[in-house]
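> For reference, the sequence and a predicted model appear below.
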Amino acid sequence: MNLLHDYSHRPWPLPSKKWIMRQTWSNLLFLHWPIPAESLRPYIPSSLQIDTFNQSAWLGVVVFVMDGIYARGLPPVSLTPKFPEINVRTYVQCDGKPGVFFMSLDVEDWASFTIAKRWFHLPYHPAQLSFQKKGQTFYCESIRKGKTNAPIRFSGTYTPLSPVYLPEKETLDYWLTERYCLYSSDNGTDIYCSEIHHRPWPLQQAAADICINTLFTPFRFDLTDIKPLAHFSKGVDTLIWNIQKMRLHV
């Protein structure tokens with residue numbers, strides 16, 4: 001694949017083993033709030049270091065459409081129809097290697113919250129999601145399923161504003177988006193890692209109008225008085241390697 005030949009931007013070499021799937025992510029909204037690292041600490045495994053930029057940790061909400069999931073070695077037909085997803089994430093390091101740590105993932109797709117949840121040890125939740133585009137504006141609404149007095153919800157709109165740009169190294173935009181692995185844990189002790197590869201994120205500044213956001217309620221974060229940074233991306237094709245259990249250096 002041509003994608004495998006485009007790797008000079010990566011912070012470390014491509015994995016030696018073969019990738020297992022390709023995914024296409026499109027029409028993304030990145031929202032980010034600064035948050036004290038000590039507020040995140042109870043929700044992050046102790047063997048992972050909370051990553052910071054200018055002495056602040058960051059909490060992200062990412063809305064996007066999964067346009068396709070393609071397994072290596074099978075015909076180039078997506079394993080699922082396209083579907084929207086919304087996740088809450090933060091940024092960590094393990095043995096000095098930076099990556100993403102997901103705190104929740106809301107999705108309507110059956111395969112994601114059953115197969116992917118177990119395979120990748122990720123905190124998927126079944127939800128009812130709607131996503132549409134009108135002109136240059138995107139509309140998203142998510143209601144998490146489950147028996148709760150106050151359902152976990154997200155509702156809002158977003159519109160790209162600026163020309164497309166590639167974030168420069170050492171900037172906050174680069175730090176928040178250019179991450180090439182994810183870490184996960186389903187028991188707080190065992191740490192898993194999956195390598196990821198894509199071209200640099202094509203970003204645009206965005207205007208976001210968030211009507212409802214209770215995604216942080218399970219973590220008791222109150223960020224209502226903080227205006228998040230908002231970015232849009234038309235998306236990337238992504239290669240994903242199989243999840244591996246980490247051998248941590250104590």
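Yep, that arrived. All values reported here derive from a predicted model rather than from experimental measurement. Numbers count the residues shown, from 1 in each chain.

> How many residues are close by P126?
The local packing of P126 (other Cβ atoms under 10 Å) involves 17 other residues. Yep, even glycine has a C-beta here, placed from its N, CA and C like the rest.

> and the closest residue to it other than its chain neighbours, how far is that from E195?
Beyond its immediate neighbours in the sequence, the residue positioned closest to P126 (Cβ to Cβ, 6 or more residues apart in numbering) is K145, lying 4.6 Å away. K145 sits 31 Å away from E195, going by Cβ to Cβ, to the nearest Å.

> which SS class is S162?
Under the three-state scheme (DSSP: H, G, I helix; E, B strand; the rest coil), S162 adopts coil.

> If we ignore the residues flanking it in sequence, what's nearest it?
Leaving aside its sequence neighbours, S162 sits nearest to Q205 (Cβ to Cβ, 6+ apart; 3.9 Å).

> so what's the one you found bridging to?
Taking DSSP bridges, one finds H231 as the beta-bridge partners of Q205.

> what mean pLDDT would you report for stretch 193-204?
For stretch 193-204, mean pLDDT is 97.

> distance between the ends of that stretch?
Chord length of stretch 193-204, first to last residue, is 29 Å (Cα to Cα, to the nearest Å).

> so G146 makes contact with H125?
Yes. Contact status for G146 versus H125: in contact at 7.4 Å, counting by Cβ atoms under 8 Å.

> Of those two, which one has the most company?
H125 (19 against 10).

> And the strand or helix carrying D67, what does it pack against?
Secondary structure from DSSP states H and E places D67 in strand 57-71. When contacts are defined as 3 or more Cβ pairs under 8 Å, 6 or more residues apart in numbering; DSSP states H and E, strand 57-71 packs onto strand 21-35, helix 37-40, strand 83-94, strand 153-160, strand 229-240.

> One more pass at 6 Å, please.
Counting contacts by 3 or more Cβ pairs under 6 Å, 6 or more residues apart in numbering; DSSP states H and E, strand 57-71 packs against strand 21-35, strand 83-94.

> So the nearest residue in space to I152 that is not next to it in sequence versus F221, what's the distance?
Setting aside the residues directly before and after it, I152 is nearest to R144 in space (Cβ to Cβ, 6+ apart), at 3.9 Å. Counting by Cβ to Cβ, the separation of R144 from F221 is 16 Å.

> so how far is T114 from T171?
Using Cβ to Cβ, T171 is found at 38 Å from T114.

> Ok, K234 next?
29 Å.

> Over to A207?
36 Å.

> Kindly report the same for Q49.
To T114, Q49 is 31 Å away according to Cβ to Cβ.
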